[in-house]
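1. sequence? don't have it. structure:
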């Protein structure tokens, strides 16, 4: 069967869904790998390196012709989906609620489409969890962006000309990206504080050598019918209580993004303005509305004396290793469905079932179907 | 006596010679500190922070009027030197051979000028050694510049999607900047190799967790009358032997700069072109001719698939802490010459004697005098 790696066409997308290093994992399972010419360019893999690894390279739609499986980072465009045979499989990121045109095209073409965002978070699926692998990249890069821009040292520096204290770094959100940011900032010698609404993350934060910020927020219990109002009031209180921590930091990195949802506002503009001149704020959630008021994806803005960096496709900014990790996720998904050289999704497998968006002319993912076709 | 901190005027100079934190060390020695308005702006210290620390602020030449001591990062301009009283003291960087106009103006004004580059490298003078303090800053920043631009991770990353090996970093020159670069790259988790012509630096390199590169260079002994030719031949052989190490690195950082001299060429263009796509080369010696063929101070150039970053006033790119360390050096020099609230250079002190360029209408620094006035 023919697995096709397409060239990404969306702006700022430098990743590729398969890297030469992992071609052999598919070919040794009896699959043929065809790479669209130039697919690896953004991730610095020329066509020749794919050929050397056992793939063939073809130009544009010639690559796609006769595809059994198509792998990509961003969803395949509707026009290309329409050229696939019924029963062909696609594996990619596919934020279904935001990409209804793609879902419709996949359904109408009879394509079996999988969204990596929907891979269940069970331990057997960890090696397929592209949200996690790409969040690792984003968390690492957030710290480097901040350290490169900060007019101060990160580490404690003891010199003959005196002692420089370490930079103060505040990480908001202690998910995968946040924990990786904490670890990277600690590597560089900063003092790190971190906050997460999930008090349970305190142990993970502390195990990385950071201090967990405890906010004196009222309990949510007993909110009764006023739950929503309470939530907004609580969110404002959270921002108010975080503000002094922001103000005493040299670097703030916010990572509270939930795929497909608007990011919570954690830091108001006034809090950024109150930071020391030269401070750096990195908002990894800028693409989904931002954790920081006024942040703009892909832009660096001056807010008071601070610099506010809004992330835009941050994993793509480390394209070699973001692609390497993503490709492993994709390969693991494809191999999960492969036997005897054939890719045959088994919907009795909860990973296959959970990650499938469309199959056989039907939108299988219920929330997406309701969005597209009504309840 | 009045110590004046002037605003720097040279392009790309963001440092300031005194920071608010250290004003008190001069005032408590009985000196008055006057800051030229805006002097601290580039290092993010507004005038008000100097006033709060006990200095007064004055605009432009009003600040300089009646100065007994003038401190700056770059040499004071000849026109301003001409306004100083005879016997006034200046403390700054002063690369005398490249700044003969400054030396002439200082001599003619009867100014006692000190060059921080000439501070003897004795242990008592370590706290005044601005070349060292600024090299620390440059070495740190070189690594951040590289890590922020590299499309790969620096650290070993063990993830559910596979293991990413650490980046390979090569540091050429193991002086202060090179050692700081090694330490910072190690902090970030890279594998580091380093080379220095001084085999004695191997122990320092290894103590930081890096591998010392040993080149099979012929002994210099027995060169007889062909010393110069042998040196050029040897330099070429050194480049040839370094080339494979360059080619197997993700990042190369070169630090072999000698103040006032042309930097040695260590890496030829072909060696950079042979690096993996996406590799980063940081040349901290770009301002003095460059360790890397084709590097240009203040520019990022694509050389083959690699990116070549040429440093230009790199310490100024971390202006807060570069200024903090530089200011400590300056304060220590001024206080060395201060007693009973008066700054009175004692030329029996080898530090004062060694660092003095002009005094009482005479160029005391012999090589500079010969350049200016003939042998």
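-> On my side now, so go ahead. Worth saying up front: this structure is predicted, and the values here are computed from it rather than measured.
2. State the distance from residue A:88 to residue A:75.
-> Distance from residue A:88 to residue A:75, counting by CB to CB, to the nearest Å: 14 Å. (C-beta placed from N, C-alpha, C; glycine too.)
3. same deal with residue A:10?
-> To residue A:75, residue A:10 is 9 Å away according to CB to CB.
4. Counting neighbours, go ahead and name the busier of the two.
-> residue A:75 (25 against 12; other CB atoms under 10 Å in any protein chain shown).
5. could you show me where the strands are in the stretch 1-150 of chain A, in order?
-> Under the criterion DSSP state E, counting those that start in this stretch, strands of the stretch 1-150 of chain A are mapped to A:2-5, A:32-36, A:56-58, A:69-71, A:89-92, A:112-115.
6. looking at those strands, which is buried most?
-> Neighbour counts averaged per stretch over the strands of the stretch 1-150 of chain A are highest for strand A:112-115, at a mean of 28; criterion: mean count of other CB atoms under 10 Å in any protein chain shown.
7. hmm, who's touching stretch A:334-353?
-> A:1, A:3, A:25-26, A:29-31, A:68-69, A:71, A:89, A:91, A:112, A:114, A:119-120, A:122, A:124-125, A:128, A:333, A:356, A:359, A:364 (CB atoms under 8 Å, 6 or more residues apart in numbering or on different chains).
8. Selecting buried members of the residues you listed in PyMOL, what would you type?
-> Buried subset of these, written as a PyMOL selection, criterion 16 or more other CB atoms under 10 Å in any protein chain shown:
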select buried, chain A and resi 1+3+25+26+29+31+68+69+71+89+91+112+114+119+125+128+333+356+359+364
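9. Which residue, other than its chain neighbours, is closest to the residue of chain A most remote from its centre?
-> Taking CA atoms, centre = their mean, the residue of chain A most remote from its mean C-alpha position is residue A:160, at 43.4 Å. Of all residues beyond its chain neighbours, the one nearest residue A:160 is residue B:126 (3.9 Å), with distances taken as CB to CB, 6 or more residues apart in numbering or on different chains.
10. Pull the number of nearby residues for that neighbour.
-> Neighbourhood size, residue B:126 [other CB under 10 Å]: 16.
11. what's the answer for residue A:277, then?
-> Residue A:277 has 16 nearby residues by other CB under 10 Å.
12. Over to the one 5 residues further on?
-> Per other CB under 10 Å, the neighbour tally for residue A:282 reads 30.
13. The helix or strand where it lies pairs with which strands?
-> Secondary structure assigned from DSSP states H and E places residue A:282 in strand A:280-283. Strand A:280-283 sits in its sheet next to strand A:251-254 (parallel), strand A:306-310 (parallel), going by DSSP bridges.
14. most packed of the ones you listed?
-> The stretch of the strands paired with strand A:280-283 with the highest mean neighbour count (mean count of other CB under 10 Å) is strand A:251-254, at a mean of 30.
15. Quick one: distance of that one to the chain centre.
-> 17 Å (CA atoms, centre = their mean, to the nearest Å).
16. which residues touch it?
-> For strand A:251-254, with CB under 8 Å, 6+ apart as the criterion, the contacting residues are A:139, A:142-143, A:146-147, A:150, A:167-173, A:178, A:181, A:185, A:190, A:246, A:266-267, A:272, A:275, A:279-285, A:291-292.
17. which ones are touching residue A:144?
-> Residues in contact with residue A:144 (CB under 8 Å, 6+ apart) are A:184, B:144, B:147-148.
18. and those residues, which are buried?
-> Neighbour counting over the contacts of residue A:144 (16+ other CB under 10 Å) leaves A:184, B:144, B:147-148 as the buried ones.
19. ok, back up a step: now the strands paired with strand A:280-283 in TSV, with distance to residue B:203?
-> Output for the strands paired with strand A:280-283, formatted as TSV (distance: least, CB to CB, whole Å):
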stretch	distance to residue B:203
strand A:251-254	35
strand A:306-310	40
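20. Compare the ones you listed and give me the one nearest residue B:64.
-> Among the strands paired with strand A:280-283, the nearest to residue B:64 by CB to CB is strand A:306-310 (33.1 Å).
21. Run the chain-centre distance for the helix or strand that that closest one is followed by.
-> Sequence-wise, the next helix or strand downstream of strand A:306-310 (DSSP H and E) is helix A:319-336. Offset of helix A:319-336 from its chain centre (CA atoms, centre = their mean): 13 Å.
22. Which SSE is immediately downstream of helix A:319-336?
-> The first helix or strand that comes after helix A:319-336 along the chain, using DSSP H and E, is strand A:338-339.
23. picking that back up, these two touch, right, the residue nearest to residue A:160 and residue B:132?
-> Yes. Using CB atoms under 8 Å, residue B:126 is in contact with residue B:132, at 7.4 Å.
24. can you list residues touching both of the two?
-> Joint contacts of residue B:126 and residue B:132 (CB under 8 Å, 6+ apart) are residue A:160.
25. Does residue A:325 touch residue A:137 like I think?
-> Yes. Under the criterion of CB under 8 Å, residue A:325 makes contact with residue A:137 at 6.9 Å.
26. so which of the contacts of stretch A:334-353 are also by chain B?
-> Among these, no residue sits close to chain B (CB under 8 Å from any CB of the partner chain).
27. burial measure for the residue lying closest to residue A:83 once chain neighbours are set aside, as a count.
-> Distances taken as CB to CB, 6+ apart place residue A:64 nearest to residue A:83, at 6.3 Å, with adjacent residues excluded. By other CB under 10 Å, 20 other residues sit near residue A:64.
28. What residues does residue A:64 make contact with?
-> Residue A:64 sits next to A:4, A:6, A:36, A:70, A:80, A:83-84 when contact means CB under 8 Å, 6+ apart.
29. Nearest to chain B among those residues?
-> Closest approach to chain B among the contacts of residue A:64 (CB to the nearest CB): residue A:36, at 18.8 Å.
30. Neighbours of the closest residue to that closest one other than its chain neighbours, how many?
-> Spatial nearest neighbour of residue A:36, chain neighbours left out: residue A:63 (3.9 Å); criterion: CB to CB, 6+ apart. Using other CB under 10 Å, residue A:63 has 22 other residues around it.
31. Need phi/psi at residue A:162.
-> Note on residue A:162: backbone dihedrals following degrees, to the nearest 10 are phi 110, psi 170.
32. quick one: pLDDT of the closest residue to it other than its chain neighbours?
-> In this structure, residue A:162 finds its nearest non-sequential neighbour in residue B:328, 4.7 Å apart by CB to CB, 6+ apart. With respect to pLDDT, residue B:328 scores 98.
33. Repeat that for the one 10 residues further on.
-> For residue B:338, the pLDDT comes out at 97.
34. does it have beta-bridge partners, and which?
-> When bridges are called by DSSP bridges, residue B:338 pairs up with residue B:343.
35. who's in contact with residue A:264?
-> By CB under 8 Å, 6+ apart, the neighbours of residue A:264 are A:235, A:256, A:291.
36. Now for those, which sits with the most neighbours around it?
-> Neighbour-wise, the contacts of residue A:264 (other CB under 10 Å) top out at residue A:291, 25 neighbours.
37. my read: it touches residue A:267, true?
-> Yes. Using CB under 8 Å, residue A:291 is in contact with residue A:267, at 6.3 Å.
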